[in-house]
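>>> need coordinates for the below:
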Amino acid sequence: MGIKIHKMLYLSMLIFLSGCNSDVFVEDFLPGEQMDVAISETDNTKEINFKSDNWRLIDITPFMGGSFTTRAYTLDGEPVSFPFGEKEPAIVHCLSDFIDFRVEKRGGNKLLLTLNENLMNEDVTMLIKVGNDYKEQQIKTLLAPTRKYQIDSVVYNWKEFEIYEGAAREMESITIDNKLSTPITFVVYPFRKSAREIQFYNPANVWDEELFKRLLGIPLPEITIPDIVDSKPVLHNTKAPFGIMEQELEAPLDKKLSVEVIVDAYDKRRILVINDMERYSVPYKVYISNPVTGKKRIFSGKLTSSRPTDYFILKTRVE
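Down below sits the predicted model:
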């Protein structure tokens, strides 16, 4: 009988100590083995309440790899080291070119998740590891894509606009060897392969089309590019997607236009189809901003354009 009373007293003391001391280990500090949390632009903050306070924020990693800068600081904004202690409230700010995500440990039983920006064109999964010396658990957080940047304005430096005269491009080369005793007629199409070629060039940086797709979205937005009228630049309705370095635009030419070329009897000729080209270059600046975060960016470089305007055909003798 004395032994039973002794055991009951011992168990009662343990229960009493557990109720009074928050340091006593509670195995299930999260509601389950793993929590799944979804955050979007319209619902960008989620609060997680823990069962106990005997846990710490251990790590934050993207599920599919990738890298970002991690900044840790106190609730008052003072820098601290990460990971934190079990009862240490603090904030971890995860930043990259495309992700802005904040995890705040506010008090012992509360974790606040905030999505500021996800410029990827798909959901991003972040794994938040929490735990103590006995157990670790994960909070799987799904970050939905947020609003893209928009183009505010495009500015061309007209003082440095340059036109290049006398440009030409070989479109086709055909060799005709007439072994007949009479002339033969050959038909060519001077504008069949013609197109306007433009290039956005930035000498300071490597052009990254994926960067523009993430910042501006898919499809990429179009900007107005200059045309030349009476040897002067004008802005009409010619547009090109901004973010693709090299691209072709339709040229307003008759692709079905045909020209007959005659090769005399017993004559061998090389037929060259040439396009006259209208070429220019002009420095540009494109200003973009995010309507939600207010962040702004500027992209600058040089735009070049090469547009076919006319044709001529050469017949050179082949010995």
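>>> now the helices for the stretch 51-200 of the chain?
With DSSP state H, counting those that start in this stretch, there are no helices along the stretch 51-200 of the chain.
>>> please, where are all the strands along it?
For the stretch 51-200 of the chain, the strands defined by DSSP state E, counting those that start in this stretch occupy 56-62, 69-73, 90-95, 99-105, 110-118, 124-131, 136-143, 150-156, 162-177, 184-188, 196-201.
>>> kindly reformat the ones you listed as TSV containing mean pLDDT.
As requested, the strands of the stretch 51-200 of the chain are exported to TSV (pLDDT from 0 to 100):
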stretch	mean pLDDT
strand 56-62	86
strand 69-73	88
strand 90-95	90
strand 99-105	93
strand 110-118	93
strand 124-131	90
strand 136-143	91
strand 150-156	98
strand 162-177	91
strand 184-188	93
strand 196-201	94
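>>> can you tell me which of these comes nearest to residue 234?
For these, the distance to residue 234 is smallest for strand 150-156, at 11.1 Å, taking CB to CB. (C-beta placed from N, C-alpha, C; glycine too.)
>>> number of nearby residues for residue 206?
7 (other CB atoms under 10 Å).
>>> nope, residue 134 is what I was after
9.
>>> check what pLDDT it gets.
As predicted, residue 134 sits at a pLDDT of 81.
>>> kindly report the same for residue 87.
Predicted confidence (pLDDT) for residue 87: 73.
>>> so it sits right up against residue 108, yeah?
Yes: contact status for residue 87 versus residue 108: in contact at 5.6 Å, counting by CB atoms under 8 Å.
>>> what do the two both touch?
residue 53 (CB atoms under 8 Å, 6 or more residues apart in numbering).
>>> what distance separates stretch 48-62 from the centre of its chain?
Per CA atoms, centre = their mean, to the nearest Å, the displacement of stretch 48-62 from the mean C-alpha position of its chain is 31 Å.
>>> ditto for stretch 236-243
Going by CA atoms, centre = their mean, where stretch 236-243 is centred and where its chain is centred differ by 19 Å.
>>> what of stretch 45-54?
34 Å.
>>> likewise for stretch 150-170?
Distance of stretch 150-170 from its chain centroid, counting by CA atoms, centre = their mean, is 25 Å.
>>> give the buried residues for that stretch.
151, 154, 156, 161, 167 (16 or more other CB atoms under 10 Å).
>>> picking up where we left off before, closest one to residue 299 among the strands of the stretch 51-200 of the chain?
strand 196-201 (8.5 Å).
>>> other SSEs contacting that closest one?
Strand 196-201 sits against strand 246-249, strand 296-317, with contacts defined as 3 or more CB pairs under 8 Å, 6 or more residues apart in numbering; DSSP states H and E.
>>> can you do 10 Å?
If contacts are counted by 3 or more CB pairs under 10 Å, 6 or more residues apart in numbering; DSSP states H and E, strand 196-201 sits against strand 239-241, strand 246-249, strand 268-289, strand 296-317.
>>> tabulate the ones you listed (CSV), appending mean neighbour count, distance to residue 225 and mean pLDDT.
Listed next are the helices and strands packed on strand 196-201 as CSV, based on neighbours: other CB atoms under 10 Å; distance: least, CB to CB, whole Å; pLDDT from 0 to 100:
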stretch, mean neighbour count, distance to residue 225, mean pLDDT
strand 239-241, 15, 5, 97
strand 246-249, 13, 9, 96
strand 268-289, 18, 9, 96
strand 296-317, 16, 6, 94
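>>> quick one: which of these is nearest residue 46?
strand 268-289 (27.0 Å).
>>> circling back to that earlier point, just curious, which of the buried residues of stretch 150-170 is nearest to residue 196?
residue 167 (12.8 Å).
>>> quick one: residue 265 from residue 178, how far?
6 Å (CB to CB, to the nearest Å).
>>> quick one: which of the helices and strands packed on strand 196-201 is nearest residue 82?
strand 296-317 (28.4 Å).
>>> ignoring the adjacent residues along the chain, who's closest to the residue nearest in space to the middle of the chain?
Centroid-nearest residue in the chain: residue 214, 2.2 Å away (criterion: CA atoms, centre = their mean). Distances taken as CB to CB, 6 or more residues apart in numbering place residue 119 nearest to residue 214, at 4.7 Å, with adjacent residues excluded.
>>> any idea of the pLDDT on that neighbour?
94.
>>> right, and it touches residue 144 too?
No: with contact defined as CB atoms under 10 Å, residue 119 does not count as touching residue 144 (11.6 Å).
>>> more neighbours, these two?
Comparing residue 119 with residue 144 by other CB under 10 Å, the one with more neighbours is residue 119, at 24 against 17.
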